[in-house]
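**Student:** based on what follows, work out the 3D shape:
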Amino acid sequence: MAQEALDTRRAINFADIHIAIGIVGDHMRPVELAGLTAAAANCAASVIPPSAAALDKAWPLMGHADRWVRFAARIAVEHQPVDAWRSRVKADANLDLALNAALALARSGGAPDLGAIVTAADSAANSKDLRLRQDRLRVLHVAFARAHSSPSSSKMAVPL
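**Tutor:** Have a look, this model is predicted:
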């Protein structure tokens, strides 16, 4: 039974990512929240055509309360031209939005973007929420690993 659920989860198409919201442990269950399903589906549909409208639709969803919607939105943003959204990555009152934007830039940008990534990620440095602090460290790890750099070599002070 557990293997079937794992196979089912692996077989989920990105366009159908909203189905994954219903995964609980080893069981699939229907999703009652149609709004979340629609938000994830809209983000997934935004992956194909690069456009300002798709970017404007996906960007605020990176701060959504549901992690599946946030992930779908981040992937939709990553599939847009980086130059179209690079300037939007900054510290934000919505820490999930700031961290997902920084992660998208870390995955799609390069070494020149480290300053913006660190600034956006540092908005969660003093959060009392452990998940947000862990997400911040993940963003910094991805950014420095992909830029083949470290805090000391980029001359940045990154408080841990």
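
**Student:** avg pLDDT for the longest helix anywhere in the chain?
**Tutor:** If you go by DSSP state H, the chain has its longest helix at helix 130-146. Across helix 130-146, pLDDT averages out at 94.

**Student:** who are the packing partners of that helix?
**Tutor:** Applying 3 or more CB pairs under 8 Å, 6 or more residues apart in numbering; DSSP states H and E, one finds that helix 130-146 contacts helix 95-108, helix 114-121. Where you see a C-beta, it was placed from the backbone N, CA and C, and this is true even at glycine.

**Student:** got the angle between it and helix 114-121?
**Tutor:** Relative orientation of helix 130-146 and helix 114-121, computed by axes from the mean of the first three to the mean of the last three CA atoms, to 10 degrees: 170 degrees.

**Student:** now the angle between helix 95-108 and helix 130-146, please.
**Tutor:** 20 degrees.

**Student:** just the buried positions in helix 130-146, please.
**Tutor:** Within helix 130-146, the residues that count as buried by 16 or more other CB atoms under 10 Å are 132, 133, 135, 136, 139, 140, 142, 143, 144, 146.

**Student:** check stretch 51-60 too.
**Tutor:** Using 16+ other CB under 10 Å as the burial criterion, the residues of stretch 51-60 that qualify are 54, 55, 57, 58, 59.

**Student:** next structured bit after the helix or strand hosting residue 53?
**Tutor:** Assigned by DSSP states H and E, residue 53 falls within helix 52-58. Downstream of helix 52-58, the next assigned helix or strand under DSSP H and E is helix 67-78.

**Student:** please name every helix or strand in contact with that following helix.
**Tutor:** helix 34-45, helix 52-58, helix 95-108.

**Student:** which of those helices has the lowest mean pLDDT?
**Tutor:** helix 34-45 (a mean of 57).

**Student:** domain assignment for this protein?
**Tutor:** 1-80, 84-155 (automatic domain parsing).

**Student:** the residue lying closest to residue 94 once chain neighbours are set aside: what's it in contact with?
**Tutor:** Spatially, and ignoring its direct neighbours in sequence, residue 94 is nearest to residue 63 (3.8 Å; CB to CB, 6 or more residues apart in numbering). Counting by CB atoms under 8 Å, 6 or more residues apart in numbering, residue 63 makes contact with 70, 92, 94, 95, 96, 97, 98, 100.
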